[in-house]
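Colleague: Here you go, sequence then predicted model.
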Amino acid sequence: MKLTQRYRPSLALLTDMYQLTMAQGYWKQQRAEQEAVFHLYFRKNPFKGGYTIAAGLEDAIDLLQNFRFTEEDTAFLAQVKGSTQEPMFEKAFLDYLRQLKFTCTVDAIPEGTAVFPNEPLLRVQGPILQCQLLETPLLTILNFQTLIATKAARMVDAAKGDAIIEFGMRRAQGPDGALSGTRAAFVGGVGATSNVLAGQLYNIPLKGTHAHSWVMSFDDEEESFATYASVFPDDSVFLVDTYNTLEGVKKAIAVGQKMRGNGHELKGIRLDSGDLAYLSIEARKLLDDAGFEKVSIVASNDLDEYLIESLKLQGARIDTWGIGTKLITAYDQPALGGVYKLAALKNEEGHWDYKVKLSEQLIKVSTPGILQVRRFYDNGVLVGDMLYSEDQGISRPSTMVHPNDPTQHKSFKESCTHEDLLVPIFKDGQLAYTSPSLKDIQTRTKQQVESLHETYRRLLNPHIYKVGLEQQLHQKKMDVIVELRNRAD
Ligand SMILES: Nc1ncnc2c1ncn2[C@@H]1O[C@H](COP(=O)(O)OP(=O)(O)OP(=O)(O)O)[C@@H](O)[C@H]1O
Ligand SMILES: O=P(O)(O)OC[C@H]1O[C@H](OP(=O)(O)OP(=O)(O)O)[C@H](O)[C@@H]1O
Ligand SMILES: O=C(O)c1cccnc1
């Protein structure tokens, strides 16, 4: 189900107040329709990782498609007061908002694509007033989902083909954190969720076991398993650690034998405490010795990609990883830090003026232009991304300049293929894109991660993937920086 169906048909007020005050400023200056280009990008991969997985575009599209100010929205804005108790917004401006139609052209990198710092995930071109209002909602959607999809992809990569179930709702940052977090976790590659509403809204497979309370509500642990099995004879995964884990496993086996006698098979056991390597190895022995080789071992308890990697190295016999807190809260990085920056503005002669936000450090100076990302592949493996401006084109197709050290260049072999990553989403306000199914997006994530060299995938000190600037773009950026610095002096 779409974002606007979930909350309200118009999400135009889902923005920061300053976007609206600036909007009124542009309108008053008769600059509301001045053509602008903004880019949404982040500056650092999250979790000290080597890559990021783009997510959230489908929700962003829904928001843009339904972008309009209703009577109710402008009525609310009409009664917002400034410090002198006068209305903040003029009636004529609110009338303007009321008749505003979304007319921007939007290009974006499809969900499930591996993306890197400083490249635009999304580009908005259109009247500056509209572009400006969209900054906050686009960031709120794309920052969070991209963050969670990346966390999930890292866990999926560490699990090396084992299933992951997302268990995070109870620890999520509120109901929307749980819903869009579960969606993004699925984009990142988890196979199922315990979140029933997300299952309904996004068609994500539902899975679950039972809690300690079930076992504790009986006088006898074995009876609790047997009773659960009588209710779900073909879908029983017993939580065995309420009292003594290995004794719990033996009781699960005893119930499994009775189930087998009735023509049913125990599906699994879950470990939720203690040394998960030792206990899973011992549990596996007990299960195998009793003829339950196919019973899977689910583990949970504050897991993340590092623990998955470590437990695997320790020889843990875990088949399915149940992950809650550290996935849904993006532990230990609570925000992606994506930004949305003005990059070009059309002047009165109809030419683009390039815009940059200066900073002491070159890495933090935004890249101006109407940017596109050209990705180069060597035999299907990603080898580098070149930012170029669509109005300038590309002068030296196979060489790019290091973004923070112009003395360094990177060249691509003649045999490399390439692809431009930003694809048309809206043309002059009209939708020009069909979102793939969530399952197809998940498949894309898997293929993208697999096409990254393993040095970018390792958890500790991964290699830095190269994102450079096309020659003319680099030159133009330097010219603009020099001009701005001269003006500022
Ligand atoms: N073999 C292991 N190597 C590294 N970490 C492990 C191993 N086994 C379990 N862990 C992790 O260590 C942490 C231990 O958690 P904790 O201190 O809560 O202990 P516990 O066994 O869960 O105790 P409690 O019964 O209080 O829940 C968890 O994050 C768990 O996933
Ligand atoms: O550990 P997480 O990655 O966050 O995964 C979710 C946790 O939620 C449940 O525990 P909770 O303590 O809420 O209840 P329970 O252990 O009594 O079932 C479950 O047993 C997991 O341990
Ligand atoms: O089904 C489970 O085992 C489950 C669901 C939510 C949280 N922890 C565990």
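Modeller: Done, it's in. Ligands and ions are numbered 1, 2, ... in the order given.
Colleague: how many other residues sit next to the residue nearest to Thr146 when sequence neighbours are not counted?
Modeller: Of all residues not flanking Thr146 in the chain, Ala55 sits nearest, at 5.0 Å (C-beta to C-beta, 6 or more residues apart in numbering). For every residue, glycine as well, the C-beta is placed using N, CA and C. Neighbour count of Ala55, defined by other C-beta atoms under 10 Å: 33.
Colleague: And His212, by the same measure?
Modeller: His212, neighbours per other C-beta under 10 Å, totals 14.
Colleague: ditto for Ala163
Modeller: Neighbour count of Ala163, defined by other C-beta under 10 Å: 16.
Colleague: hey, what's it bridged with?
Modeller: Beta-bridge pairing for Ala163 (DSSP bridges): Thr320.
Colleague: By residue count, which helix of the protein is the longest?
Modeller: helix 135-159 (DSSP state H).
Colleague: Tell me if that one is near ligand 2.
Modeller: No - legend: contact between helix 135-159 and ligand 2 by C-beta under 6 Å from any ligand atom is lacking; minimum distance shown is 10.5 Å.
Colleague: Any part of that helix near ligand 1?
Modeller: No - counting by C-beta under 6 Å from any ligand atom, ligand 1 has no neighbours in helix 135-159; the shortest distance is 12.9 Å.
Colleague: Now that helix: average pLDDT?
Modeller: Mean pLDDT, computed over helix 135-159, is 98.
Colleague: gap between the two ends of stretch 326-333?
Modeller: 10 Å (C-alpha to C-alpha, to the nearest Å).
Colleague: in that stretch, what's buried?
Modeller: 326-330, 333 (16 or more other C-beta atoms under 10 Å).
Colleague: Tell me the residue of the stretch 1-150 of the chain that sits nearest ligand 1?
Modeller: Phe47 (16.9 Å; C-beta to the nearest ligand atom).
Colleague: quick one: contacts for that residue?
Modeller: The neighbours of Phe47, taking C-beta atoms under 8 Å, 6 or more residues apart in numbering as the test, are 150-151, 154, 330, 332-333.
Colleague: show me what contacts the residue nearest to Thr146?
Modeller: Taking C-beta under 8 Å, 6+ apart, one finds 111-112, 142, 145-146, 148-149, 183-184, 187-188, 441 in contact with Ala55.
Colleague: Save those residues as TSV, and put in distance to Met478 too.
Modeller: Below are the contacts of Ala55 laid out as TSV (distance: C-beta to C-beta, whole Å):
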residue	distance to Met478
Glu111	34
Gly112	35
Leu142	29
Gln145	35
Thr146	30
Ile148	37
Ala149	35
Arg183	41
Ala184	37
Val187	37
Gly188	37
Ile441	38
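Colleague: Looking at these, state which has the most neighbours.
Modeller: Within these, most neighbours by other C-beta under 10 Å means Ile148, with 33 neighbours.
Colleague: tell me which parts of the stretch 1-150 of the chain are close to ligand 3?
Modeller: So the stretch 1-150 of the chain never meets ligand 3 (C-beta under 6 Å from any ligand atom).
Colleague: in the stretch 1-150 of the chain, which ranges drop under the pLDDT threshold?
Modeller: Across the stretch 1-150 of the chain, nothing is flagged by pLDDT under 70.
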